[in-house]
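Peer 1: Sharing a model that was predicted from the sequence below.
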Amino acid sequence: MQGQLQTGSSIAAPAFLGRAIDRFGAVPMPNLAWTPEVERATAHLYEKVKAIIPPVEWPFHAPYVKAINDLKRERNAVILAHNYQTPEIYNCVADVVGDSRQLAKLAASSDADIIVQGGVHFMAETSKLLNPDKTVLIPDSKAGCSLAESITGADVRLLRQRYPGVPVVAYVNTSADVKAEVDICCTSSNALKVVESFGAERVIFLPDQYLAQNVAAQTKVKIIAWHGACEVHERFTAEEIRRYRADDPSIEIIAHPECPPDVVAECDFTGSTAAMIDYVKTRKPKRVLMVTECSMADNVAAETKGTEFVRPCNLCPHMKRITLPKILDSLVYLRDEVTIDPLLAERARRSVQRMIDLG
């Protein structure tokens, strides 16, 4: 009957059935049928997401959820999931969730043999930089980032020639190639602290022009900005925010600092994804608009009662490349593994570690 879980029906297994033989041992592809056993094993997880994932969809997710969680234990693997991952990943298979900075810090302390990155490629590279002896997997190697792809290491070298002696800060949303050429990395949560840590009059900040502008408004340091942008956050407009406010003056609007400054000016609070989540959980607004990637609102809603979430749905197409079937495929076949040239990695690791050490 529509709207109810139907045990006993069969979910078609993917075409990549087989066995993977590698240094961790042979692993058979799990059975992916929706069975009473799967229903029982995943019932507690569905309780977490039942307000977000309709009952008719759960039989398609649950076999993958159980298979992934079983295989994680067998492989001694950990799944890191960014706040923009879909609810069935974020709430049901992830071991660690958070923003870029939180994931970077927790990746450094992981005792797992395998790290599966539920996020985009630069995040997997960062995990590899901090765990050079571990196997780091990205379920889809094409999960990129408009910011990371807006600049190269060669671009940074040219900036240093143009501005000799000026410190260079790279947003963590950059490739290892770029991280190897800069002085320190930052995230949206600590960008101001990092910029001011040099005690310099000028700092080069790359690649996000809007984060650079929003930081510049809070400091006397002159910021020389690169002109990259997040394809999700740059689509928001101040006029759009004003319309939401006009429809409901009581709504609380919070934004990510990758948004343009005129958007930030219209909001009640601006902060990293972790800070936005903390804002909602601490203040418990009756109605809130989160001006960021819309899966995050779903994930926060699953953890927060009594708050209505208005969702201006700008999806990140790169984050959405990561799916449960691809995570399972990655764990079974240990693909796609992230590798970084050791000499490049040594230089890039320094800039990330400096960010972590700064606190």
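Peer 2: Arrived safely. Numbering: from 1, shown residues only.
Peer 1: which SS state does Ile327 fall under?
Peer 2: For Ile327, the assignment made with DSSP: H, G, I helix; E, B strand; the rest coil gives helix.
Peer 1: Excluding residues flanking it in the chain, which one is nearest it?
Peer 2: Using C-beta to C-beta, 6 or more residues apart in numbering and skipping the chain neighbours, the partner closest in space to Ile327 is Pro139 (4.9 Å). In short, each C-beta sits where N, CA and C put it, glycine included.
Peer 1: what about the one you found, how many neighbours?
Peer 2: Neighbours of Pro139 under the rule other C-beta atoms under 10 Å: 25.
Peer 1: how far away is it from Ser146?
Peer 2: 20 Å (C-beta to C-beta, to the nearest Å).
Peer 1: can you check Lys48 too?
Peer 2: Counting by C-beta to C-beta - Lys48 and Ser146 are separated by 31 Å.
Peer 1: Quick one: the helices in the stretch 101-250 of the chain, in order.
Peer 2: 121-130, 153-162, 176-179, 191-196, 209-216, 238-247 (DSSP state H, counting those that start in this stretch).
Peer 1: name the helices or strands packed onto the fifth one?
Peer 2: I take that to be helix 209-216. helix 191-196, strand 202-206, strand 222-225, helix 261-265 (3 or more C-beta pairs under 8 Å, 6 or more residues apart in numbering; DSSP states H and E).
Peer 1: Tell me which of those is the most buried.
Peer 2: strand 202-206 (a mean of 23; mean count of other C-beta atoms under 10 Å).
Peer 1: Just give the strands next to that one in its sheet, each with its orientation.
Peer 2: strand 168-171 (parallel), strand 222-225 (parallel) (DSSP bridges).
Peer 1: Now distance to Thr292 and mean pLDDT too, for these, in JSON lines please.
Peer 2: JSON lines is the format used below for these (distance: least, C-beta to C-beta, whole Å; pLDDT from 0 to 100):
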{"stretch": "strand 168-171", "distance to Thr292": "15", "mean pLDDT": "97"}
{"stretch": "strand 222-225", "distance to Thr292": "21", "mean pLDDT": "98"}
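Peer 1: returning to what we had before: of Lys48 and Ser146, which one has the most company?
Peer 2: Neighbour tally, Lys48 and Ser146, criterion other C-beta under 10 Å: the higher count belongs to Ser146, 20 against 15.
Peer 1: Backbone torsions only: list them for that one.
Peer 2: Torsion angles at Ser146 (phi, psi; degrees, to the nearest 10) stand at phi -60, psi -30.
Peer 1: Give me the pLDDT for it.
Peer 2: On pLDDT, Ser146 comes in at 94.
Peer 1: Output the below-cut-off pLDDT ranges for this structure.
Peer 2: Scanning the chain for pLDDT under 70 picks out 1-26.
Peer 1: can you do 80?
Peer 2: Along the chain, the parts satisfying pLDDT under 80 run over 1-27, 100-101, 104-108, 110, 312-313, 359.
Peer 1: For Asn131, see how far away Gly98 is.
Peer 2: 16 Å.
Peer 1: and what of Gln85?
Peer 2: For Gln85, the distance to Asn131 - C-beta to C-beta - is 20 Å.
Peer 1: higher neighbour count, the two?
Peer 2: Neighbour count, other C-beta under 10 Å: between Gln85 and Asn131, Gln85 has more, with 28 against 17.
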